[in-house]
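# Quick one: sequence and predicted model below, then my questions.
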Amino acid sequence: MRREAVRLVARRELTERVRERSFLVGTCVSIAIIALVVVLPPLLGFGETTTYEVATTDRAAAAMVRTAERGADAFDVKLNARPMSVAEAEKALRAGDVDAVLGGDALRGKEELDDELVGVLQTAAQIREAGAGGGPPLRVSTIEPVDERRDALGGVAFFTILILYGQLLTYGFWVASGVVEEKASRVVEILLSTIRPRELLAGKVIGLGLLGLGQLLIVAAFGLAVAAASGAVDVDGDLLLAVGLSLLWFVLGYAFFACAFACAGALVPRLEELQASTMPLTLTIMVSLFVAFAVNSEPDGTLAHVTAWIPFTAPMTLPPRILVGAAPWYEVLGGALVTIAAAAALIPLAARIYSGAVLRTGTTVKLRDAWRASRSSAPARG
């Protein structure tokens, strides 16, 4: 494969797309949204009622929960009291069956407790002691150490999922639509008179990938600047490393999906048929989006650990976990290696299908026919 040919195609793709209004509008919209997410995290989830399971270990604690229930609406929460012994409550808390344990003047959680839950129970504790002239607030403790930045980064992690979804889908579709446009206008026949199909495919994928990475770099730099200026999040080395790893995961996810989108584009003769051809890939990315939302709500859960090792979900589920510090190093490294291996296996297959289908115009090409056409033409191109 000639590097000069790949470089020229990549440069052509990058310069043409960067001039499009949709690219500029998308970048500006992403910057505006991330500024709101960083500066105004309380807007996320506003107005939603959350139900908490609270284990009570004595009668006073049960009475306190009943008192709290009367004022819970003001905090947009609902409480379910579950009487247990101290040992049962501790076991249930560690297993995740309850959100908190209340006993005496102590409130205990597995991880950092939500402010709404603490607030409604602290208010109930003061009401209980009102007859005695007030009392000390509840002592709040957790089993696991509290990361004070985790909540602040939660909104950023949520937006990271959305922007990765948008980038993978948008740039994958751009690859596919570019292939179809070249086929429909027969420009591809002129291009392939001087360069090989694999060089054209590589240049197209690399050029659009660099454009997508550049857009993410701009958005990330602006978001970090806003976070530092507003004091919403401490921008330190750990956060910069997490952001850098998230950008790397876009590259890995794009490498996995882009060649497949190019094949989908090469199989159809017109843009009108592209949506049907790319539907399986679009659905795969959408499934990864919903899985990532579930993982973001429980970044230490079983689903989070499993999806880190699946090539098409890892690029969506690992970046937000990296941001909040919930992804162990071996899952980050292992997930990256699995995704790289899957992309490495997919790229030559995609190149072969692309080579066999990109010159066949006028009708939709079946995968089997594209594979056979590439195999029969390989010796001639050698």
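Received the coordinates, thanks. Residues are numbered from 1 along each chain as shown.

# Please make it C-alpha for all contacts and neighbour counts, starting now.
Will do.

# so who does Ala5 touch?
Residues in contact with Ala5 (Cα atoms under 8 Å, 6 or more residues apart in numbering) are 195, 199-200, 203.

# Distance from the chain centre to the longest helix anywhere in the chain, please.
Counting residues, the longest helix found in the chain (DSSP state H) is helix 149-184. Centroid displacement of helix 149-184 relative to its chain, using Cα atoms, centre = their mean, to the nearest Å, is 9 Å.

# moving C-terminal of it, what's the next helix or strand?
helix 187-191 (DSSP states H and E).

# quick revisit: so which of the contacts of Ala5 is the closest to Val219?
Gly203 (24.5 Å; Cα to Cα).

# Leu107: which element?
Per DSSP H and E, Leu107 falls inside strand 106-109.

# Now whichever helix or strand comes after that strand: average pLDDT?
Counting by DSSP H and E, the next helix or strand C-terminal to strand 106-109 is helix 115-128. Mean pLDDT, helix 115-128: 78.

# Burial check on the residue nearest to Gly96 when sequence neighbours are not counted, number of neighbours?
Nearest residue to Gly96, sequence neighbours excluded (Cα to Cα, 6 or more residues apart in numbering): Lys110, at 7.7 Å. A count of neighbours around Lys110, defined by other Cα atoms under 10 Å, yields 21.

# Glu20 now?
Other residues close to Glu20 by other Cα under 10 Å number 10.

# surely Asp300 meets Ala326?
Yes: counting by Cα atoms under 8 Å, Asp300 does reach Ala326; the two are 6.3 Å apart.

# Tell me which of these two has more neighbours.
The residue with more neighbours, out of Asp300 and Ala326, is Ala326; 18 against 15, by other Cα under 10 Å.

# so the more buried one sits in a helix?
No: counting by DSSP: H, G, I helix; E, B strand; the rest coil, Ala326 is located in no helix; its state is coil.

# before we move on, the earlier item: list the buried residues for the longest helix of the chain?
Of the residues in helix 149-184, 150, 152-169, 171-184 count as buried by neighbour count, 16 or more other Cα atoms under 10 Å.

# so for the helix or strand Ile322 falls within, what's the average pLDDT?
Here Ile322, judged by DSSP H and E, is contained in helix 314-323. Here helix 314-323 scores 88 as its mean pLDDT.

# which other helices and strands contact the helix or strand following it?
Per DSSP H and E, helix 314-323 leads on to helix 329-357 as the next helix or strand towards the C-terminus. Where contact means 3 or more Cα pairs under 8 Å, 6 or more residues apart in numbering; DSSP states H and E, helix 329-357 is packed against helix 197-230, helix 237-266, helix 314-323, helix 367-381.

# give me that answer again for 7 Å
In terms of contacts (3 or more Cα pairs under 7 Å, 6 or more residues apart in numbering; DSSP states H and E), helix 329-357 is packed against helix 197-230, helix 237-266, helix 367-381.

# winner for burial among the ones you listed?
Of all the helices and strands packed on helix 329-357, helix 237-266 carries the top mean neighbour count, a mean of 22, counting by mean count of other Cα atoms under 10 Å.

# Now that one: average pLDDT?
The average pLDDT for helix 237-266 rounds to 83.

# List the buried residues in the helix or strand following it.
Sequence-wise, the next helix or strand downstream of helix 237-266 (DSSP H and E) is helix 274-297. Within helix 274-297, the residues that count as buried by 16+ other Cα under 10 Å are 274-275, 277-278, 281-282, 285-286, 288-289, 291-293, 295-296.

# one step back: distance from the chain centre to the helix holding Ile322, please.
Here helix 314-323 is found 6 Å from its chain centre; the criterion is Cα atoms, centre = their mean.

# got the CA coordinates for it in CSV?
Extracted in CSV, the C-alpha atoms of helix 314-323 (Å, rounded to 0.1, in the frame of the first residue of the first chain):
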residue,chain,number,x,y,z
ALA,A,314,-16.2,-1.0,25.2
PRO,A,315,-15.7,2.3,23.2
MET,A,316,-19.0,3.5,24.7
THR,A,317,-19.0,2.1,28.2
LEU,A,318,-15.3,2.5,29.3
PRO,A,319,-14.7,6.2,28.7
PRO,A,320,-17.4,7.4,31.2
ARG,A,321,-16.2,4.9,33.8
ILE,A,322,-12.6,6.1,33.3
LEU,A,323,-13.8,9.7,33.9
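
# relative to helix 329-357, how tilted is that helix?
Helix 314-323 and helix 329-357 meet at an angle of 150 degrees, taking axes from the mean of the first three to the mean of the last three Cα atoms, to 10 degrees as the criterion.

# which strands and helices sit next to helix 314-323?
helix 149-184, helix 237-266, helix 274-297.

# re the thing from before, contact partners of the strand holding Leu107?
93, 99-102, 138-143 (Cα atoms under 7 Å, 6 or more residues apart in numbering).

# got it, and stretch 292-309?
Contacts with stretch 292-309, where a contact means Cα under 7 Å, 6+ apart, come from 161, 313-314, 316-318, 320-321, 326, 331, 334-335, 338.

# please redo it, this time with the cut-off set to 8 Å
Applying Cα under 8 Å, 6+ apart, the contact partners of stretch 292-309 are 157-158, 161, 313-314, 316-318, 320-321, 326-327, 331-332, 334-335, 338.

# That stretch: end-to-end distance?
End-to-end distance for stretch 292-309, by Cα to Cα, to the nearest Å: 13 Å.

# quick check: mean pLDDT across it?
Mean pLDDT, stretch 292-309: 88.

# Output the below-cut-off pLDDT ranges for the stretch 51-200 of the chain.
Counting by pLDDT under 70, the ranges of the stretch 51-200 of the chain that qualify are 72-76, 128-136, 145-155.

# so what are the domain limits for this structure?
Per the record, the chain has its domains at 3-41+149-381, 47-142, by automatic domain parsing.

# which residues touch the residue most central in space within the chain?
Nearest residue to the geometric centre of the chain (Cα atoms, centre = their mean): Ile161, 2.7 Å. Contacts for Ile161 (Cα under 8 Å, 6+ apart) come out as 289, 292-293, 316-317, 319-320.
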